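Asker: quick one, structure for this:
(4 chains)
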Number of protein chains: 2
Amino acid sequence: MKLEEAKRNFVETWGTLGTNWGINRTMAQIHALLMVSEQPLSTDEIMEILDISRGNANMNTRALIDWGLAERKVKLGERMEFFVGEKDIWKVAVKIIRERRKREIDPMRSTLRDLKMIDDKDEKKEEYQRFIKLLDDIDSFADSADKIADKMVLADKNWFFGTMMKLMIK
Amino acid sequence: MKLEEAKRNFVETWGTLGTNWGINRTMAQIHALLMVSEQPLSTDEIMEILDISRGNANMNTRALIDWGLAERKVKLGERMEFFVGEKDIWKVAVKIIRERRKREIDPMRSTLRDLKMIDDKDEKKEEYQRFIKLLDDIDSFADSADKIADKMVLADKNWFFGTMMKLMIK
DNA sequence: TTGAATTTTCAAAATTTATTGAAAGATAAA
DNA sequence: TTTATCTTTCAATAAATTTTGAAAATTCAA
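Answerer: Numbers count the residues shown, from 1 in each chain, chains lettered A, B, ... in the order given. As a prediction, the model looks like this:
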C-alpha cells in the first residue's frame, strides 16, 4: 500500500467512525482529510478530493469550526479561506465530549429533572417512589459522567492517561 | 403532571436520547417502557402502548436481548413471551459500552492498524513519519479508553463512582 | 399427527437525514 | 462605485435508515 492510498483509506474509515459519534460522514471525512494534510486546504481542494458539492463542503467546514475541530487560516495574498484541522487526538476527543455534552447531556438532564414534577404523589405510593428513584439514579449517573468529562476537558492529557490510568488500572 | 404522563414523557425522552448513543428510537423506547413498567410486558402490550407494528416490536425486543438490556420472562401457564428490562442504570451503561466496543471500536482499531502497512517507507520520509504517528496516537488513545471501559465493565458501581471519583475529582 | 397460537422474516413503503447546485449575499481589488 | 471572487443559504433531490404488515416458520396443546 502506498502512503497516499493509506491516507485515502484513513479518511474513509474516519468518516464511517464519525457517524457513530454524532458527527456526520462528510464532516468526519473533512476532518480526517485535514488531519492528514501537510498543508491547509481550501474549500475547492476539499470539494475536489472528497468529490462533494460546494454547499456540502461549506456546511461541514463550518460545523467543524463550530465544534472547534478546525480553524480558518488566511494565506497572505490569497483571497480564499484555507482550513487546518485539529490533529491532537486528545484535543479532538475533548472537543467532541464538550460539544456533545452541551448539545445532548445538558438538555436531557434538564428534561428528566422536569419529569419529577408529579402531583399525584400520594396515590400509588410505591410505584411513584420507584419512578422517582429511576430518575434520580439516571441523574446521579449523568452527574458522575459529567464530572469525569469536566476533568478531562480541563486536564492535561499526560495527567489523565498517566496518573489517572495508574490509579485505575494498577 | 400525573405519574402516567411523566412515564410517557420519560419513554419519549429516552427514545430521543438513544438515537444519540447508537440505539434506534424504538429500541430505546421499548427499553424505557420496560424500565418504568412494574410488570413484564408482552409483545402485544408493547405494540399497543408504543403504537408500533409487530415486526418492529419483535426486531427491537430481540435487539435489546442481544445487547443484554432486556430478558425474556416466561409466565407459568402463558404461551406468550414477556420481557423485562434492565433497570440498573450502571448496568445499562456497561452493557452499551461493551456492545459498542465490540461493534465499533475493535473493528476500527484493527482497520487503522492495517493502514500502517505502507511500503514506500523511504520516500517522503517526514510525511510518512507524521502519518504513522497519527495512527499510533489514535491507537494509544483508543487503548487507554479501552482500558477504562474494561475497568468499568468489571468494576462495581460503588467502587467506580466512589473510590475512583474521589481520586479523580478531589 | 393437526391446527391454533405465537414468533420471525423481509420486501415494500414511509420517514429521516444528508447532499446538491444554483441563486443570493458578502467582500475586496480595481 | 463596479466587478470579479468567494461564501452562504436553502429548496429540491437523493441516500440511508426505520417501520410496516402480511406471509412463512415455529411451537405446543390436543
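Asker: now do the contacts for A:Gly85.
Answerer: A:30-31, A:33-35, A:37, A:64, A:69-70 (C-beta atoms under 8 Å, 6 or more residues apart in numbering or on different chains). Every residue, glycine included, has its C-beta placed from N, CA and C.
Asker: so which of the residues you listed are also by chain B?
Answerer: Residues of those in contact with chain B (C-beta under 8 Å from any C-beta of the partner chain): A:Met35.
Asker: now, which of the contacts of A:Gly85 lie within strands?
Answerer: Counting by DSSP state E, those place A:Ala70 in strands.
Asker: tell me the most packed of the contacts of A:Gly85, by neighbour count.
Answerer: Using other C-beta atoms under 10 Å in any protein chain shown as the neighbour criterion, A:Ile30 leads the contacts of A:Gly85 with 30 neighbours.
Asker: measure how buried the closest residue to that one other than its chain neighbours is and give me the count.
Answerer: For A:Ile30, ignoring the flanking residues on the chain, the nearest one in space by C-beta to C-beta, 6 or more residues apart in numbering or on different chains is A:Asn60 at 5.3 Å. Around A:Asn60 there are 23 other residues, counting by other C-beta under 10 Å.
Asker: state the helix or strand in which A:Asn60 lies.
Answerer: helix A:54-67 (DSSP states H and E).
Asker: quick check, the residue nearest to A:Ile30 in contact with A:Arg25.
Answerer: No. When contacts are counted by C-beta atoms under 8 Å, A:Asn60 is not listed as touching A:Arg25 (9.4 Å).
Asker: who's in contact with the closest residue to A:Glu71 other than its chain neighbours?
Answerer: Counting by C-beta to C-beta, 6+ apart, A:Glu71 lies nearest to A:Val84, which is 5.1 Å off, once chain neighbours are set aside. By C-beta under 8 Å, 6+ apart, the contact list for A:Val84 reads A:34, A:40, A:70-71, A:73.
Asker: please apply the same query to A:Met1.
Answerer: A:9, B:115, B:117-119.
Asker: so what pLDDT did it get?
Answerer: A:Met1 is assigned a pLDDT of 80 by the prediction.
Asker: how near is it to B:Gly22?
Answerer: With the distance defined as C-beta to C-beta, to the nearest Å, A:Met1 ends up 30 Å from B:Gly22.
Asker: equivalent analysis for A:Glu81, please.
Answerer: 34 Å.
Asker: neighbour count for those two, which is higher?
Answerer: B:Gly22 (18 against 15).
Asker: so how far is B:Ile118 from that one?
Answerer: According to C-beta to C-beta, B:Gly22 and B:Ile118 sit 31 Å apart.
Asker: got it, and A:Ile148?
Answerer: The gap separating A:Ile148 from B:Ile118 is 36 Å, by C-beta to C-beta.
Asker: please say which of these two ends up with more neighbours.
Answerer: Neighbour count, other C-beta under 10 Å: between A:Ile148 and B:Ile118, A:Ile148 has more, with 21 against 17.
Asker: for that one, give me its contacts.
Answerer: By C-beta under 8 Å, 6+ apart, A:Ile148 lies in contact with B:165, B:168.
Asker: again, 10 Å this time
Answerer: By C-beta atoms under 10 Å, 6 or more residues apart in numbering or on different chains, the contact list for A:Ile148 reads A:97, A:155, A:160, A:164, B:148, B:160-161, B:164-165, B:168-169.
Asker: ok, A:Arg25 touching A:Glu12?
Answerer: Yes. Checked against C-beta atoms under 10 Å, the pair A:Arg25 and A:Glu12 is within contact range at 9.4 Å.
Asker: B:Met35 is in contact with A:Leu134, correct?
Answerer: Yes. Counting by C-beta under 10 Å, B:Met35 is a contact partner of A:Leu134 at 6.3 Å.
Asker: which residues are common contacts for the two?
Answerer: Listed as contacting both A:Leu134 and B:Met35 by C-beta under 10 Å, 6+ apart are B:7, B:10, B:87-89.
Asker: Throw together a ChimeraX command that grabs the buried residues out of those.
Answerer: To isolate the buried members of those in ChimeraX, using 16 or more other C-beta atoms under 10 Å in any protein chain shown:
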select /B:7,10,87,89
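Asker: in a markdown table, list the shared contacts of A:Leu134 and B:Met35 along with secondary structure.
Answerer: A markdown table is the format used below for those (DSSP: H, G, I helix; E, B strand; the rest coil):
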| residue | secondary structure |
| --- | --- |
| B:Lys7 | helix |
| B:Phe10 | helix |
| B:Lys87 | coil |
| B:Asp88 | coil |
| B:Ile89 | helix |
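Asker: among the shared contacts of A:Leu134 and B:Met35, which pair sits farthest apart?
Answerer: Distance extremes for these: the farthest pair is B:Lys7 and B:Asp88 at 18.2 Å, using C-beta to C-beta.
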